[in-house]
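S.K.: dropping the sequence and predicted coords here.
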Amino acid sequence: MDMAEGLVLPAEVLLSKRVQQMVINGEEPQPPYVCREDCSNEDSFPDTAPPIPVIDLSLISSQQPCAAREELEKLRSALCSWGCFQATGHGISKPFLAKIREVTREFFEQPMEEKGKHAKGVKEFEGYGADPVPYEGQSLDWSDRLVLNVYPEDRRKLKFWPENPKSFREVLEDYTTKMRTLTELVSRAMAESLNLEKNCFLNQFGEQGTLVARFNYYPTCQRPDLVLGLKPHADGTGYTIILQDNVPGLQVLKDKWITVPTISDALFILMGDQMEIMTNGMFKSPVHRVLTNSEEERISVVVFYSPDPNKEIGPEEELINKERPRLFRKVKDYSDIHWDYYQQGKRALHVAKV
Ligand SMILES: O=C(O)CCC(=O)C(=O)O
Ligand SMILES: [Fe+2]
């Protein structure tokens, strides 16, 4: 018998090697990357799936009160049922979106040696690599990532920020500024859609609300039916802003798995658990996952927007009443609690329930 057969290396050892490298070496996925049985049937979708709502943010900030009201109503309805939407009219130009996708692609296309300059340890969060070692029995994602704290600025660790491609840092700084503006716009719109004081969510996030950027690289896989680019999870954030490229793969669970269409100038905005808490359960934090495929690699640029970890957050008082009693208590540092459960393959939201 081949000695290597059935041999599963410890996650720690596997995680020190990049999935991209395994693909270049022509390696087939082995456990713990293999996390499901042949799912090729399940992964194909009927055309009858309900469409994910598209919201034109420019209408909300326009001077036409009727159009703005209508769009706010669409936003509220999208977040109460789906917990996510495709945002157009967000004010970030198409060429700029192309640029951030391009520097992301260029970063991952570099030799391992160059990317390795920004490598994280298998226990750390920030830097180039994969998630820290999960709990026993949990699978590993078929992807590589670069994670960077981008706001507040004093949380930045420049040793993890790529120097190549040359424009990477500058483009990311620009993107951070644009994301700050966008989170103000979206947080106000969400408050208005619920007839709340428009700064109420921004006040909960605080001036030091954090932005973390995660650049995801999903290589192709010879057996996409056996692995996941990213295992099913809900985000622990306030909310998350996702820039996809032109390769589909992201799916949200709404009765069944629904693929998020790739729209080149849209940003996909998804509620995290903390918005579900702040809205007393009105907005939903959806479970989502990423599939890989055998033909085309996929990249995404994800920005996690979370409340200042020093601040306590909780349901807006106006959303608590007789018909809708308080569902959640106040919480602090929810992101850390969430992460611990995530590593066990579980959701954390129940810990905030009253
Ligand atoms: O790659 C994507 O489209 C989504 C990634 C995601 O859900 C995450 O990073 O939490
Ligand atoms: Fe996510």
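M.R.: Cool, the structure landed. Ligands and ions are numbered 1, 2, ... in the order given.

S.K.: the helix ranked longest in the chain - contacts with which helices or strands?
M.R.: As assigned by DSSP state H, the longest helix anywhere in the chain is helix 168-193. When contacts are defined as 3 or more C-beta pairs under 8 Å, 6 or more residues apart in numbering; DSSP states H and E, helix 168-193 sits against helix 57-60, helix 65-81, helix 94-109, strand 144-151, helix 200-205, strand 210-218, strand 239-244, strand 298-306. For every residue, glycine as well, the C-beta is placed using N, CA and C.

S.K.: go with 7 Å
M.R.: helix 57-60, helix 65-81, helix 94-109, strand 144-151, helix 200-205, strand 210-218 (3 or more C-beta pairs under 7 Å, 6 or more residues apart in numbering; DSSP states H and E).

S.K.: could you redo these as a markdown table and give each row mean pLDDT, distance to residue 269 and mean neighbour count?
M.R.: Shown next, in a markdown table, are the helices and strands packed on helix 168-193 (pLDDT from 0 to 100; distance: least, C-beta to C-beta, whole Å; neighbours: other C-beta atoms under 10 Å):
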| stretch | mean pLDDT | distance to residue 269 | mean neighbour count |
| --- | --- | --- | --- |
| helix 57-60 | 97 | 9 | 20 |
| helix 65-81 | 97 | 9 | 17 |
| helix 94-109 | 98 | 14 | 16 |
| strand 144-151 | 98 | 17 | 22 |
| helix 200-205 | 98 | 13 | 21 |
| strand 210-218 | 98 | 14 | 22 |
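
S.K.: I'd like the ones you listed as a markdown table, with distance to ligand 1 appended.
M.R.: Formatted as a markdown table, the helices and strands packed on helix 168-193 follow (distance: least, C-beta to the nearest ligand atom, whole Å):
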| stretch | distance to ligand 1 |
| --- | --- |
| helix 57-60 | 20 |
| helix 65-81 | 17 |
| helix 94-109 | 11 |
| strand 144-151 | 8 |
| helix 200-205 | 18 |
| strand 210-218 | 4 |
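
S.K.: before we move on, back to that, next, the buried residues of the longest helix of the chain.
M.R.: Going by neighbour count (16 or more other C-beta atoms under 10 Å), the buried part of helix 168-193 is 168-169, 171-172, 175-176, 178-180, 182-183, 185-193.
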